[in-house]
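Peer 1: Show me how the following folds:
(one chain, ligands or ions: 2)
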Amino acid sequence: MARGLFHLCTRKRTLSKLQALLFNHSQFHTFQNPLSPISTRFSNPLLRPRFSQSSRLTGERFRPARPFSASGDEGGGGETPISEFDADCGKNIDFDLGNEVTSSIYSFSEYGVAANDGSNLEIVDSLKECSSISSGGDNGDDLGKKSEEFLHVASRDPVELYGEMCSGKRGASLDRSEVEVLREVCLWFAKSGWASNQALAIYIGLSFFPTAVHKFQRFLMKNCPADVAKYLVYLGPSHEAVNFLFPIFVEFCLENFPDEIKRFRNMVESADLTKPHTWFPFARAMKRKIIYHCGPTNSGKTYNALQRFMEAKKAIYCSPLRLLAMEVFDKVNAKGIYCSLLTGQENKRVPFSDHIACTVEMASTQELYDVAVIDEIQMMADPNRGYAWTRALLGLKADEIHLCGDPSVVDIVKKICQDTGDGLYEQNYERFKPLVVEAKTLLGNLENIRSGDCVVAFSRREIFEVKLAIETQTKHRCCVIYGALPPETRRQQASLFNDQSNEYDVLVASDAVGMGLNLNIRRVIFNSLSKYNGDKMVPVPASQVKQIAGRAGRRGCLYPDGLATTLHLDDLDYLIECLKQPFDNVKKVGLFPYYEQIELFAGQLPDLTFSQILEKFGESCRLDGSYFLCQHGHIKKIANMLERVQGLSLEDRFQFCFAPVNVREPKAMHHLLRYATSLGQKLPVNVAMGMPKSSARNDAELLDLETRHQVLSMYLWLSNQFDEKTFPYVKKVETMVSEVAHLLGESLVKANWKPESRNKGTQKTEKIERQLETGSAVQLQTVKRGMDYSRPQSLTKLYK
Ligand SMILES: Nc1ncnc2c1ncn2[C@@H]1O[C@H](COP(=O)(O)OP(=O)(O)OP(=O)(O)O)[C@@H](O)[C@H]1O
Ligand SMILES: [Mg+2]
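Peer 2: Residues are numbered from 1 along each chain as shown. Ligands and ions are numbered 1, 2, ... in the order given. Below is the predicted model:
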């Protein structure tokens, strides 16, 4: 490829001789990294305009390259054309180097050199400055004279120079101090982020780069001509030295590492996630009409989209949650429109139905629909699940697609529609009822709770502490909703709260309340506005605060306005700040490879384990500027745990990694491991779990019920991925699931105990943890981290 560049350059060399020589050195500084959407531009030191003497060897003349990011996180301009600036005619010309995608953008004008006529003059000016530096620079006249002996090296053709070095004719014996400086220069080169980034352009991967530099150093020490050595000593360990050496390094790599280059190139090509819209040729063959229902919470977006869903002959509703899919399923069937339900766990096929309510991950890109609804489209930007929304938007085969969401992804949806060629129509909404901030707050006193209040807390422990405090200090009774509860239980708690004829008039909930449920909330009270992000306590993002606060005063509920406030006065400013903030303008949305892409990639790396393959994929994959690779830490944790399980295919492992399990829950992970082991041994997978006889009497028993539900739910999910022979106990598990959900509901109604830690180490749990560790450092870390989590101050203590 580099040769190609040189040949091209030679063909196009119509500049003055001087220009052409300079150009040879600068071209490598303008490589388009094949893995990065950004073109990184560097210029030859001699082409820099008007630099001062004092900055001769400092980095300030150097334009820093953006660091390479596997996920393409470095923003930037998406696709860059494959072109090289033709210095002669001032046009971009395309060049073809076999299958290789290479791009080198060069703009003289960036460096004060006019792109066309007159450029000679300025280059000469720059050169004059440069020579004036060398003749009258920091080191005085002596250096000026001496430098003439070697400065010409800067303008040598690196191909020729490399050829000479290889021929061994000009290898000079270097003195000790020269060797020392050259070593430092090579060390600087090895550490240069720019060089390692640019080396990717010739498919020298980041992990191989240090080895390549090491071998190059040995070559250099042996074959370095005297003038080159002097020039490098003159430059010292600097960006300029790296700039100068890089094209020679490229020649060296192309000649010495063809196998490594080929391997890495194949790897990169199989990890290509660019142009995801081309992954769905059938959807691309359609001209789809996309209607974006855009507005804040409680503005009727979903309601309107569902009207079109129900009118259509054949339609799909894609939900962010099982709970919401269930609600639509119930609502639509109740109206006499046959509708099926499909989630990871449920597959309720209603005979003769042409409508389906599903979770977004389950949406079929094979079926043809008249109307599709994708709810909560802003979730495209979700770091973990975003890929599911992106896939649905790109891949659904529907004449009409209704997107419901806030305005944060409008721009990126527009851009995607330009790529797909679909027509986009925006429909804007306003909130039905105003949302008012109550500046008084609860002044830290839960006795100020009123009927219809929803207290939002961001951990299970806080939720139960608040519930206990309210129920002991006031006459109110609390329902609870949080993520670990099954959807059935959440719905049961929601209807208990909505029903005015009972004493359960206060809701205590986690952020799980922010989406989906229609609740009769008068006022949302934030217990705190920080939450644990798996690593440390962080402020709750403004978008989430808005979404949760927006649950108050929903259309159809009893209260005229929606109110939002905080428990403590200290948090009020942050609440107001969040509510005032405009919606984000999302620049990138999530993407994740299909199994087939991973399989293709794995074919390049037969010796690696599955989790290593995932790791490598993350490092090597290439994305356009509008996409990021979704986080897959939890997937890797499962992959790690399953590493030692024999008899699983790559596809089995891939499927297991998406099972709905809390990776910080050792008991659930233990059962997942057991399921995988049975599958590996080709044995029918059994549940091997008894059923508790009664509802929970304390928090440990409640936690146990939650975990049991998770284990059973996992079984159902896996049974939908594998065949009936492998998971034969689906009917039995379905019965157990609804019994556990029922027991959970019963337990919550009477729960008035102090919450326990989920990871509180009983002997049994510790034993399971040890089993799970199975020598895997990552797994060990996970379990430990869960235990180390320092919690916010206990509210119970606060009230005492
Ligand atoms: N035209 C309407 N007639 C009757 N009820 C409506 C109408 N529009 C919306 N609603 C009701 O108002 C409530 C809020 O509407 P909807 O769920 O569509 O809002 P949304 O904008 O999707 O909110 P969110 O962003 O929270 O999902 C729902 O209970 C819905 O049934
Ligand atoms: Mg909605």
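Peer 1: List the buried residues of stretch 512-529.
Peer 2: By neighbour count on 16 or more other CB atoms under 10 Å, the buried set for stretch 512-529 is 512-517, 519-529. Every C-beta, even on glycine, is put in place using the N, C-alpha and C of the backbone.
Peer 1: Next SSE downstream of the helix or strand harbouring Phe246?
Peer 2: Here Phe246, judged by DSSP states H and E, is contained in helix 239-256. Next helix or strand after helix 239-256 toward the C-terminus (DSSP H and E): helix 258-270.
Peer 1: could you say what helices and strands that following helix packs with?
Peer 2: Counting contacts by 3 or more CB pairs under 8 Å, 6 or more residues apart in numbering; DSSP states H and E, helix 258-270 packs against helix 595-602, helix 610-620.
Peer 1: Just the buried positions in it, please.
Peer 2: Neighbour counts over helix 258-270 (16+ other CB under 10 Å) mark 260-261, 263-270 as buried.
Peer 1: which one of those residues is nearest ligand 1?
Peer 2: Set against ligand 1, the nearest of the buried residues of helix 258-270 by CB to the nearest ligand atom is Ser270 (39.5 Å).
Peer 1: Flag the shaky bits of the chain, pLDDT-wise.
Peer 2: 1-149, 169-172, 516, 756-800 (pLDDT under 70).
Peer 1: report the longest helix in it, please.
Peer 2: Assignment by DSSP state H gives helix 699-721 as the longest helix of the chain.
Peer 1: any idea what sits nearest the residue of the stretch 651-800 of the chain found nearest ligand 1, other than its immediate chain neighbours?
Peer 2: Closest contact between the stretch 651-800 of the chain and ligand 1, by CB to the nearest ligand atom, is at Pro660 (22.6 Å). Nearest residue to Pro660, sequence neighbours excluded (CB to CB, 6 or more residues apart in numbering): Trp717, at 5.5 Å.
Peer 1: Also Gln612?
Peer 2: Nearest to Gln612 is Leu605, by CB to CB, 6+ apart, at 7.6 Å.
Peer 1: is it true that Leu558 touches Arg522?
Peer 2: Yes - using CB atoms under 8 Å, Leu558 makes contact with Arg522 at a distance of 7.5 Å.
Peer 1: Now do the shared contacts for the two.
Peer 2: Common neighbours of Leu558 and Arg522 (criterion: CB atoms under 8 Å, 6 or more residues apart in numbering): Gly452.
Peer 1: Pick out the residue nearest the middle of the protein.
Peer 2: Centre of the chain computed as the mean C-alpha position; nearest residue by CA atoms, centre = their mean is Cys630, 3.2 Å away.
Peer 1: Enumerate every residue touching that residue.
Peer 2: 382-387, 590-592.
Peer 1: burial measure for Phe352, as a count.
Peer 2: Counted with other CB atoms under 10 Å, residues neighbouring Phe352 total 5.
Peer 1: ugh, wrong one, Leu424
Peer 2: Neighbours around Leu424, by other CB under 10 Å: 19.
Peer 1: Surely it touches Asp411?
Peer 2: No - the criterion here is CB under 8 Å, and Leu424 misses it with Asp411 at 10.9 Å.
Peer 1: Quick check: phi and psi at the closest residue to Ala312 other than its chain neighbours.
Peer 2: Residue nearest to Ala312 in three dimensions, not counting chain neighbours: Val371, with 3.7 Å by CB to CB, 6+ apart. Reported as degrees, to the nearest 10, the phi and psi values for Val371 are phi -130, psi 140.
Peer 1: about what we covered before: now, which of the contacts of Cys630 lie within strands?
Peer 2: Here DSSP state E is the test, and the contacts of Cys630 give 590-591 as lying in strands.
Peer 1: Specify the local secondary structure of Cys404.
Peer 2: strand (DSSP: H, G, I helix; E, B strand; the rest coil).
Peer 1: related to what we said a few turns ago, ok, now which ones touch the residue of the stretch 651-800 of the chain closest to ligand 1?
Peer 2: By CB under 8 Å, 6+ apart, the neighbours of Pro660 are 344-345, 710, 713-714, 717.
Peer 1: Kindly export the helix or strand that the longest helix of the chain is followed by (C-alpha atoms) in CSV.
Peer 2: Following helix 699-721 in sequence order, the next helix or strand is helix 730-750 (DSSP H and E). The C-alpha atoms that make up helix 730-750 are tabulated as CSV, following Å, rounded to 0.1, in the frame of the first residue of the first chain:
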residue,chain,number,x,y,z
VAL,A,730,-40.8,-25.1,30.0
LYS,A,731,-44.4,-25.7,31.2
LYS,A,732,-43.2,-26.6,34.7
VAL,A,733,-41.0,-23.5,34.8
GLU,A,734,-43.8,-21.2,33.6
THR,A,735,-46.0,-22.4,36.5
MET,A,736,-43.1,-21.9,38.9
VAL,A,737,-42.5,-18.4,37.6
SER,A,738,-46.0,-17.2,38.1
GLU,A,739,-46.0,-18.8,41.6
VAL,A,740,-42.9,-16.9,42.5
ALA,A,741,-44.2,-13.7,41.1
HIS,A,742,-47.4,-14.2,43.2
LEU,A,743,-45.3,-14.8,46.3
LEU,A,744,-43.3,-11.7,45.6
GLY,A,745,-46.4,-9.7,45.4
GLU,A,746,-47.7,-11.1,48.6
SER,A,747,-44.4,-10.5,50.3
LEU,A,748,-44.2,-6.8,49.2
VAL,A,749,-47.6,-6.1,50.6
LYS,A,750,-46.5,-6.9,54.1
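Peer 1: Any part of stretch 375-393 near ligand 1?
Peer 2: No - counting by CB under 6 Å from any ligand atom, no contacts exist between stretch 375-393 and ligand 1, the nearest distance being 6.9 Å.
Peer 1: ok so, going back, how close does the residue nearest to the centre of the chain get to Val413?
Peer 2: As defined by CB to CB, to the nearest Å, Cys630 lies at a distance of 18 Å from Val413.
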